[in-house]
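Colleague: pasting the sequence and the predicted model now:
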Amino acid sequence: MKANNRGKSSNNLLHPNQPTFIYDINKPWEEVIKSEPIWLSQKFPPRPKLYCFLGHTLISPVVIAAGPASGKIWTDFYFKMGYGAVIQKTMRTAPRSSNLAPNIAIVKASKPIARNSLGQTMHATMNQDEYPKFQSITNSFGNPSPLLSTWANELKEQKKGVNPGQLLGCSVTASIGENSSCSVIFGENPPISQVLEVATDLLTAASVAVTSGADFVELNLACPNVMENTEESEMFQNAKLIQYTLEEFKKRFPNIPIGFKFGLYKDKDQMKRVFAQAGDNLDYVSGINALAMPVEAEDGKDILPGRKKSGVCGRVIKDIALEHIEWASQIREEEGLKYEILGGGGILESEDVDKFLNLGANAVQVATVALTNPLFAHQYSLHTQYQSHAN
Ligand SMILES: Cc1cc2nc3c(=O)[nH]c(=O)nc-3n(C[C@H](O)[C@H](O)[C@H](O)COP(=O)(O)O)c2cc1C
């Protein structure tokens, strides 16, 4: 039997005259083991590439961002799909219902959002056939959460779906406002007592996440979809809050990585002030979150019921996302900081992953593409194998 009936995928590794057995069946065993296997091409498959993130070895640098996966059914699914990590969608210490459905619509924008188009109304449709053309969506769930004890118990079950080379993260946020566990309203420069109250809520949620099995914790400080209290979406700008929360977290869990999700910074200096003040307790920064934009149906009516603004993500935010990742990478270098970068926003192709990694991201995160093409991590691993063959 000759090589060519052994499957197309390995043809480039197979010599055309490769015999049926790599073992010379006419020779005694003692002799066979003294010589090399008969492998005429002398070519070997590439070793699967491994990645390092937060001190762990991962099978893929592609992470499911906080959002697409909530609960065991969904985290198990993405672990089976071969993602390097899956981050449980943001949870709270107090229960909160989801905003009214539908919570996702397709954004019809052909140009990426630029800084000077921030705040301009975008148009969206529920027609899914339009998605492939635009590859952008708006989403607005409002960080719903079951009771703390419910998600804590489920997280323990979710942990059982993690395979070697994968991590389970958990995103948490603070609840601010009348009907929540915190009664804090953040102003421009909030008094320290208010900062402490929010930090305490974040710490409670983060501690529960860790004791329930999360390998790392992400503080979601930039949700663009909180309707009652928009200050909740600006916490990533509050250096005092971040510094204090991280310090207290590290006293309790020195070995568990913690990071926070950021939104739109005004400029690099604003980002630098926050990241530098967080110091070495900050294990990673995560971003960018969806951008809050006015979004309406083409006839001017609400596309997501009751919401004039919602978080926009997918292709339209890639330019702004890349700008933020570049800043984060430069700041790390300039300030001698040690945080890692979980970069994302608008990643839709394998080449986008390479772009984020080349800019300094240690791993990347995907949400929009994970909802339409869950094979994305697998496809990225084939892409890297192809690259190593090509080199
Ligand atoms: C369906 C959906 C739900 C999301 N929920 C959360 C969330 O709970 N917490 C969070 O930090 N980000 C959430 N996000 C934002 C994503 O984590 C991500 O930052 C953003 O979508 C940009 O990535 P993308 O362009 O790959 O979608 C959500 C995004 C989507 C699409």
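Modeller: Done, it's in. Note that the coordinates shown come from a computational prediction; the quantities given were computed from them, not determined experimentally.

Colleague: tell me the contacts of the nearest residue to Val208 once chain neighbours are set aside?
Modeller: Nearest residue to Val208 in three dimensions, chain neighbours excluded: Ala152, at 5.0 Å (C-beta to C-beta, 6 or more residues apart in numbering). Quick note: C-beta positions are derived from backbone N, CA and C, even for glycine. Contact analysis of Ala152 by C-beta atoms under 8 Å, 6 or more residues apart in numbering lists 208-209, 211-212.

Colleague: out of the residues you listed, which is most surrounded?
Modeller: The most neighbours of any of the contacts of Ala152, using other C-beta atoms under 10 Å, belong to Ala209, which has 27 neighbours.

Colleague: helix, strand or coil for Pro19?
Modeller: Of the three states, Pro19 takes coil under DSSP: H, G, I helix; E, B strand; the rest coil.

Colleague: find the closest residue to the ligand in the stretch 151-300 of the chain.
Modeller: Asn220 (3.8 Å; C-beta to the nearest ligand atom).

Colleague: quick one, phi/psi of that residue?
Modeller: Asn220 adopts backbone torsions of phi -90, psi 100, taken as degrees, to the nearest 10.

Colleague: who is it paired with across the strands?
Modeller: Partner residues in beta bridges with Asn220, using DSSP bridges, are Lys261.

Colleague: same check, this time on Met122
Modeller: Beta bridges link Met122 to Val295, judged by DSSP bridges.

Colleague: any idea how far it lies from the ligand?
Modeller: 14 Å (C-beta to the nearest ligand atom, to the nearest Å).

Colleague: can you get me a residue count around that residue?
Modeller: Other residues lying near Met122 total 19 when counted by other C-beta under 10 Å.

Colleague: that one and Ala109 touch, don't they?
Modeller: Yes: using C-beta atoms under 8 Å, Met122 is in contact with Ala109, at 5.5 Å.

Colleague: between those two, which contacts overlap?
Modeller: By C-beta under 8 Å, 6+ apart, the residues touching both Met122 and Ala109 are Val316.

Colleague: per-residue pLDDT, Ile242?
Modeller: Looking at Ile242, its pLDDT stands at 95.

Colleague: backbone dihedrals for it, both of them.
Modeller: The phi/psi pair for Ile242 (degrees, to the nearest 10) reads phi -70, psi -50.

Colleague: distance of the closest residue to it other than its chain neighbours relative to Pro305?
Modeller: Once flanking residues are discounted, Ile242 sits nearest to Ala278: 5.1 Å by C-beta to C-beta, 6+ apart. The gap separating Ala278 from Pro305 is 38 Å, by C-beta to C-beta, to the nearest Å.

Colleague: same thing with Glu36?
Modeller: From Glu36 across to Pro305, the span is 69 Å (C-beta to C-beta).

Colleague: tell me which of these two has more neighbours.
Modeller: Between Glu36 and Pro305, counting by other C-beta under 10 Å, Pro305 is the more crowded of the two (12 against 7).

Colleague: what sits against the more buried one?
Modeller: 100-102.

Colleague: all helices for this structure, in order.
Modeller: Remark: helices assigned in the chain by DSSP state H are 29-32, 72-80, 131-134, 148-159, 192-211, 239-252, 268-278, 318-335, 350-358, 368-372, 376-390.

Colleague: pLDDT on the longest one, on average?
Modeller: So the one you mean is helix 192-211. 94.

Colleague: then the third one?
Modeller: Across helix 131-134, the average pLDDT comes to 98.

Colleague: show me what counts as buried in that helix.
Modeller: By 16 or more other C-beta atoms under 10 Å, the buried positions in helix 131-134 come out as 131, 134.

Colleague: cool, the fifth one as well?
Modeller: Taking 16+ other C-beta under 10 Å as the basis for neighbour counts, the residues of helix 192-211 that come out buried are 194-210.

Colleague: kindly report the same for stretch 94-114.
Modeller: Across stretch 94-114, burial judged by 16+ other C-beta under 10 Å covers 94-96, 99, 103-109, 112-113.

Colleague: for the ligand, what's the nearest residue on the stretch 51-200 of the chain?
Modeller: For the stretch 51-200 of the chain, C-beta to the nearest ligand atom, closest residue to the ligand: Gly67, 2.4 Å.

Colleague: quick one, what contacts that residue?
Modeller: Applying C-beta under 8 Å, 6+ apart, we find Gly67 in contact with 87, 89-90, 139, 367.
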